[in-house]
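Trainee: Pasting the sequence and the predicted coordinates here, then a few questions.
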Amino acid sequence: MRYIVRKLAFYLVAAWAALTINFLLPQLIPGNPVEALIGRMSQSGTVPPGEAKILASLLGLGTGNIFQKYGQYLDGLVHLRLGLSISEFPTPVSTQIAQSIYWTLILVGVATVLSFALGILLGAVAGWKRGSRLDAIIPATTLLTAMPYFWLALILLYFLASNVWHVFPQGQGYDTNSELSPGWNPAFLASAVQHAILPALTIVLSSVGGWLLGMRNMMVSTLSDDYVVAAEARGLRPRRIMIGYAARNAVLPSVSGFAISLGFVVSGAIAMEYVFSYPGIGNQLVQAVNNNDYPLMQGIFLVITLAVLGANLLVDLLHGFIDPRTRQAR
Amino acid sequence: MTATNVVAATAAEAGDQDAGRLSGLRAAFRSPRLVTGTCLVGFFALLGIIGPFFAGSPNQLSHTELAAPSLSHWLGTTQIGQDVFAQLVVSARASLEIGVGAGLLATLVSVIVGISGGYAGGVIDEVLNLASNVVLVIPTLPLVIVILADVKARGLAPLIIIIALTSWAAAARVLRAQTLSVRNREYVLAARASGERAWRIVFVEILPNELPIIVSNFIFAMIFAILTQAALAFIGLGDPTLLTWGNMINIAYNDEALSVGAWWWFIPPGLCIALLGMGLALINFSLDEVLNPRLRVYRPARPGRARRPGSTA
């Protein structure tokens, strides 16, 4: 129980830090962004009254001293006033994010789980048979990890989607040319899955090496621990020692190091969505940046950060569940 | 191989740690991984340092546009007739500068935060550790994107500073853990008992012992910085006046180099990043084996069950 409370408290502090960073960053924008933004909005439609005020509080540029500005900013967030998007005027930012977040959550979520499972599995086997031919492949995975993922994605796109073999669609989240409408109908789902394979593949390819190497090294270290030697001396089956004794303990650091790796996956996903014109939140962030759409940008940063914090909290709680030592130690 | 093993065994029996580490180093230098890694990194370092003096101007236009590789243009030309090889060489310097600059700065911050927190303990440690953990869980790339979009900074220095200030946390955590364990060893206690000052204990007793970890962190930070800059440049947040590998990929992508078949323009910059990153990672890999003797593999495993290193020594 104390472990859970401690973890919750930590993630609350982290979330507060993210909110505050999000409050402070727009102060760096040169000039008066609120005026400029309202000016751009009025070019594409009528600006609702009060929008300037919402925008100012959102960008941390409200009235009064810095604490009053901070208060106005937090007040706006609590009421989910994220302002109107400029590039897609007058759609509210919250509506835009709500449209894109599911694409990213599903694609990145599935790809991360796949990559984690694959990396742990291969890492466990490579560590178990260390020095073997399989283990000799490990240094090659460093090439995969050091590759710029968007570059790899574009090459895959070239070979598998456009010029050489036309196996996969070029981009987008589903077939936008046909009469498909997003929803729970089989035709749309089939199209969405078909469009997700190549993006998911690039995420897995670029992130599997990290899991693999970490697991392999932990596995090698664990294999020389006393309880593994004891299990061997008792004559247990090799498979049982590998899975039940060594791998089970070797996987723990990978679980507790999830935070670092998830950061990499999210970073990779942003460039990947841009490459595939995927209708997710990462591509939306790139478009917002290129359009100087500050409200959308700030909103997306908050949502991505809070989602990553949430995922880490879940994994940490899971860690406490599968490894009783973490619960006792603190 | 057996000779080194014997040396290691006798040295370990004598309780001489230095000789053990030395034999580890010697073994590491024989490993093809370290040799490959050092060669790759050395090649790119030379390319970045002396290459630009020989490569010719990266922006000089020739009459042949989108020419395939030939003797006059080793890697062909771009859409507007620039020599790709000259661009690649000039980019190597900027990319290395970003990697080394951001890597050094991030390592410096991690050393200050990690070691001072771990050594001081108490409230200072609690606060610094909390700060590292918070920075660690906030995803880096979205943060860097938003900062760059807000600041609208151009040039190398702001980029280096922004990347470094968002990527020191993992290293600081490792150093803190190591400092916590080193802090109470005999030689540190002895130094403290003999009245050495805190800064001397940190710089003379603790820091040298953590040097391998610091170097390993620096290498990781360097890979990370080069990859981050490439990603930023690719999504359009690079300084267009700079020439880096990332900017080259961005320009080639925007001019649809791959669709028109100009692979010589699109492939090389990405490959350079990947090969340099691999070289650095391989060095780190070998460094890991020196630091952690349990990871060393002395002989190929028998089918079925691998042999434990040291079980026969």
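Mentor: That came in fine, so what should we check first?
Trainee: could you measure residue A:161 against residue A:107, distance?
Mentor: Noted for residue A:161: a distance of 16 Å to residue A:107, by Cβ to Cβ, to the nearest Å. To be clear about C-beta, it is placed using only N, CA and C from the backbone, and glycine gets the same treatment.
Trainee: for residue A:120, same thing?
Mentor: Taking Cβ to Cβ, one finds residue A:120 at 21 Å from residue A:107.
Trainee: got it, and residue A:232?
Mentor: 43 Å.
Trainee: Just give me the residue closest to the centre of the chain.
Mentor: All of this refers to chain A. residue A:266 (3.1 Å; Cα atoms, centre = their mean).
Trainee: right idea, wrong chain: chain B
Mentor: With distances taken as Cα atoms, centre = their mean, residue B:219 lies nearest the centre of chain B, 2.3 Å away.
Trainee: Show me what the host helix or strand of it is packed against.
Mentor: Following DSSP states H and E, the helix or strand that holds residue B:219 is helix B:211-234. Helices and strands touching helix B:211-234, by 3 or more Cβ pairs under 8 Å, 6 or more residues apart in numbering or on different chains; DSSP states H and E, are helix A:149-157, helix A:258-275, helix B:84-120, helix B:140-151, helix B:156-165, helix B:169-183, helix B:245-254, helix B:263-291.
Trainee: out of those helices, nearest to residue A:6?
Mentor: Taking Cβ to Cβ, helix A:258-275 is the member of those nearest to residue A:6, at 15.4 Å.
Trainee: Using CSV, write out every CA atom in the closest one.
Mentor: As requested, the backbone C-alpha atoms of helix A:258-275 are provided in CSV (Å, rounded to 0.1, in the frame of the first residue of the first chain):
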residue,chain,number,x,y,z
PHE,A,258,10.1,1.0,-19.1
ALA,A,259,10.0,4.8,-18.6
ILE,A,260,13.1,5.4,-20.6
SER,A,261,12.2,3.0,-23.4
LEU,A,262,8.6,4.3,-23.7
GLY,A,263,10.1,7.8,-24.3
PHE,A,264,12.1,6.4,-27.2
VAL,A,265,9.0,4.7,-28.6
VAL,A,266,6.9,7.9,-28.4
SER,A,267,9.7,9.9,-30.1
GLY,A,268,9.9,7.3,-32.8
ALA,A,269,6.2,7.3,-33.3
ILE,A,270,6.1,11.1,-33.9
ALA,A,271,8.4,10.9,-36.9
MET,A,272,6.9,7.6,-38.0
GLU,A,273,3.3,9.1,-38.2
TYR,A,274,4.7,12.0,-40.2
VAL,A,275,6.3,9.6,-42.7
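Trainee: got the angle for it vs helix B:245-254?
Mentor: If you take axes from the mean of the first three to the mean of the last three Cα atoms, to 10 degrees, helix A:258-275 sits at 30 degrees to helix B:245-254.
Trainee: And chain B, is the helix or strand following helix A:258-275 touching that?
Mentor: Sequence-wise, the next helix or strand downstream of helix A:258-275 (DSSP H and E) is helix A:281-290. Yes: applying Cβ under 8 Å from any Cβ of the partner chain, one finds that helix A:281-290 is in contact with chain B at A:285-286, A:289-290.
Trainee: Considering those, which possesses the most neighbours?
Mentor: residue A:285 (28 neighbours; other Cβ atoms under 10 Å in any protein chain shown).
Trainee: Do I have it right that residue A:251 meets residue A:117?
Mentor: No: counting by Cβ atoms under 8 Å, residue A:251 stays clear of residue A:117, with 10.8 Å between them.
Trainee: Between the two, which has more neighbouring residues?
Mentor: Shown here are residue A:251 and residue A:117; by other Cβ under 10 Å, residue A:251 has more neighbours (22 against 13).
Trainee: check contacts around the residue in the stretch 1-150 of chain B positioned nearest to chain A.
Mentor: Residue of the stretch 1-150 of chain B nearest chain A, by Cβ to the nearest Cβ: residue B:141 (3.5 Å). Contacts for residue B:141 (Cβ atoms under 8 Å, 6 or more residues apart in numbering or on different chains) come out as A:263, A:266-267, A:270, B:228, B:231.
Trainee: Let's see that with 6 Å instead.
Mentor: For residue B:141, the contact set (Cβ atoms under 6 Å, 6 or more residues apart in numbering or on different chains) comprises A:267, A:270.
Trainee: now it: how far from residue A:29?
Mentor: Using Cβ to Cβ, we find residue B:141 at a distance of 20 Å from residue A:29.
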